[in-house]
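Chemist: Here's my sequence, what's the structure:
(one chain, ligands or ions: 1)
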Amino acid sequence: MQINGRTKTCGLIGNPVEHTLSPVIHNNLAELTGINMVYVPFKVENEVLSEAIKGAQALEIGGLNVTVPHKERVMPYLKEIDALAGKIGAVNTLVPCEGGYKGYNTDMPGLYRAMLSDGIRVDGENVILLGAGGVARAVAVMLAEKVEKIYILNRTVEKAEAIAQEVNGYADREVAVAMALSEYDKLPAGKYLAVQATNIGMYPKTEEAVVEDKAFYEKIHTAYDLIYNPADTRFMQLVKEAGGSAFNGLKMLLYQGIIAYELWNNISISEVQAEEIYTRLKEKL
Ligand code: NAP
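Modeler: Predicted coordinates for the structure are as follows:
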C-alpha cells in the first residue's frame, strides 16, 4: 500500500522495541483488509512517557500498543480506562477518544481467543498457573470467571498469595490457591490445563524448564506456554513427552494484535484472515 496524505499512523510504544513482531501483524492486516494504515515502533524512555502520549494526541496517532515497561505507568496519562484493563491493572492498547486516549487490555482476551482457536477448553477446568508476574496476574483475573480452580505456583510464594487473594475477592469464591513452585508434588490428584507464565525457557536459555520432574508433567493434559521464542520450548517438549498437548504463545500475540486492530478500525477480522496473518508471523520467527 502506498503511503499518502490520508494514511493513518498507528504504532507501539515501549523500550526496547527493536525486536517487536507487532509491525508484522498490523501492516499485514492493513494490506489484507485494504485499510490505509501504517504501524511503526516508537522507543519511549520512562522520563518522557507523558510527553509521548501528548505528542501522539497532537499528531493524531490513530492507535497505540503499549509494551514493557509502560503497561502500568501509562495509565495516569489516559482519559479513560476500560473496565477489564482497570481490573487487570495494565493496558496494552490505546484508542483515541474525546480529549486523549482510552486504555484497553487485549492481551487477556487475546489469550482466550487463541485458546479457543487452538480448541483448548477453558470453562470449568482445573488450572495450574506457573508464575506470578505481571502477565500471570492478568491470566488469573481472566480465568477466575471461567474455571473451577486455579493453582498459582510461584518461586516467590508471597506474590502468588497476593494474586490469589485479589482474584478471590473479585470472583467472590475461593477459586485461586497459592502454592510455592517447589510444592508442585502437593497438587491434588487429577489432570490439569497448565499455563506457563514465567520467563523460563525463553530464548537464549532455551534448555531450561520451570519444573524438570517428569512426574509433574503427568498431571497436565494440555499446556499453554506464553513464550513463543523458541516455538517449541523445553516445557512444551516435557508436556508432550508425558502424553499431553502443548501450544506456544504466538497465537496470543496474534490475537492481542488483532483485537487492537479491530478496536482502531472498527472492523472484525475473520478466522481465515487471522490464519493468514498467523502464517506470515510464523515465517518471521
Ligand atoms: P515478570 O512480571 O517479570 O514475571 C516473571 C515470572 O517468572 C515471575 O513469576 C518469576 O518468579 C518467574 N521467574 C523468573 N525467573 C525464575 C526462575 N529462575 N525460577 C523460577 N521462577 C522464575 O514477567 P511477565 O511480564 O509476567 O512475563 C512472563 C512471560 O510471559 C514472559 O516469558 C513473556 O515473554 C510472556 N509473555 C507473552 C506474551 C504473548 O503475547 N505471548 C505477552 C506478554 C508476555 P518470581 O516472582 O519468584 O520472581
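Chemist: Where does the record place the domain boundaries for this protein?
Modeler: Using automatic domain parsing, the domains assigned to the chain come out as 8-105+251-284, 109-248.
Chemist: and the ones you listed as JSON lines, adding distance to the ligand?
Modeler: No exception for glycine: its C-beta is placed from N, CA and C like everyone else's. What follows is the domains of the chain, written out as JSON lines (distance: least, CB to the nearest ligand atom, whole Å):
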{"stretch": "domain 8-105+251-284", "distance to the ligand": "4"}
{"stretch": "domain 109-248", "distance to the ligand": "2"}
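Chemist: quick one, what contacts A274?
Modeler: A274 is in contact with 117, 254-255, 258, counting by CB atoms under 8 Å, 6 or more residues apart in numbering.
Chemist: in the one helix or strand it maps to, what's buried?
Modeler: Element membership for A274 (DSSP states H and E) is helix 271-284. Neighbour-count burial for helix 271-284, counted by 16 or more other CB atoms under 10 Å, picks out 273-274, 276-278, 280-281.
Chemist: And stretch 100-114, by the same measure?
Modeler: 100-114.
Chemist: okay but M179 is in contact with I152, surely?
Modeler: Yes: in this structure M179 lies within contact range of I152 using CB atoms under 8 Å: 6.9 Å.
Chemist: re the thing from before, in JSON lines, list the buried residues of helix 271-284 along with pLDDT.
Modeler: Formatted as JSON lines, the buried residues of helix 271-284 follow (pLDDT from 0 to 100):
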{"residue": "Q273", "pLDDT": "97"}
{"residue": "A274", "pLDDT": "97"}
{"residue": "E276", "pLDDT": "97"}
{"residue": "I277", "pLDDT": "98"}
{"residue": "Y278", "pLDDT": "97"}
{"residue": "R280", "pLDDT": "96"}
{"residue": "L281", "pLDDT": "96"}
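Chemist: Tell me the one of the residues you listed nearest L12?
Modeler: Checking those against L12 with CB to CB, the nearest one is L281 at 15.1 Å.
Chemist: in the stretch 151-285 of the chain, which spans are helices?
Modeler: Ranges of helices in the stretch 151-285 of the chain, per DSSP state H, counting those that start in this stretch, are 157-171, 214-217, 234-241, 250-265, 271-284.
Chemist: Contacts made by the fourth one with the rest, please.
Modeler: Applying CB under 8 Å, 6+ apart, the contact partners of helix 250-265 are 10, 21-22, 25-26, 29, 33, 35, 37, 62-63, 65, 92-93, 95, 104, 106-107, 109-111, 113-114, 117-118, 224, 226, 228, 231, 267-269, 274, 277-278, 281-282, 285.
Chemist: same question, the shortest one
Modeler: With CB under 8 Å, 6+ apart as the contact definition, helix 214-217 has outside contacts at 184-185, 211, 238-239, 241-242, 244.
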